[in-house]
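In: got a predicted structure here, sequence first:
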Amino acid sequence: MTKSATVEQSAPSKPPKLSAGELTPEVAHDWDNACSTYFMHKEIEAKDQVKMIVFGMLDPCLHTWYLAQRATLDAGMFTEYMTALKDSWLDTHWDMKLHKKVLGSQQG
């Protein structure tokens, strides 16, 4: 079983780091939140957001994925980067699987 990636951020004003490992929907959500927090605290303009966090992706495969389409990802918005990341690295139909899991969960 592959170890899941993790998101680390020492302070809201420091860029987050995404460790090597499997990207899960939960980890992608944590990465999105950590990046958004960083952008807010550092007042990073939308046009610069992707460039400011991508080198925090420490997985060599993710880093290579980014470099292969760097111009396109850097020119886009952070939301577009996150969509591309999820489309490329999460299981097919991850969103439907998560939806079914949430609907099937019970309290207590």
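Out: In hand now; what should we look at?
In: please make it C-alpha for all contacts and neighbour counts, starting now.
Out: Fine.
In: what are the ranges of the strands in this protein?
Out: Listed in chain order, the strands of the chain (DSSP state E) span residues 7-8, 17-18.
In: between these, which gets nearest to D91?
Out: Among those, the nearest to D91 by Cα to Cα is strand 17-18 (18.1 Å).
In: and the closest one, what does it pack onto?
Out: strand 7-8 (3 or more Cα pairs under 8 Å, 6 or more residues apart in numbering; DSSP states H and E).
In: what strands line up against the strand it packs on, and which way round?
Out: strand 17-18 (antiparallel) (DSSP bridges).
In: quick one: mean pLDDT for the strand it pairs with?
Out: Per-region confidence: strand 17-18 scores 98 on mean pLDDT.
In: lowest-pLDDT helix or strand in this protein?
Out: helix 94-104 (a mean of 60; mean pLDDT, DSSP states H and E).
In: flag the shaky bits of this structure, pLDDT-wise.
Out: 1, 93-108 (pLDDT under 70).
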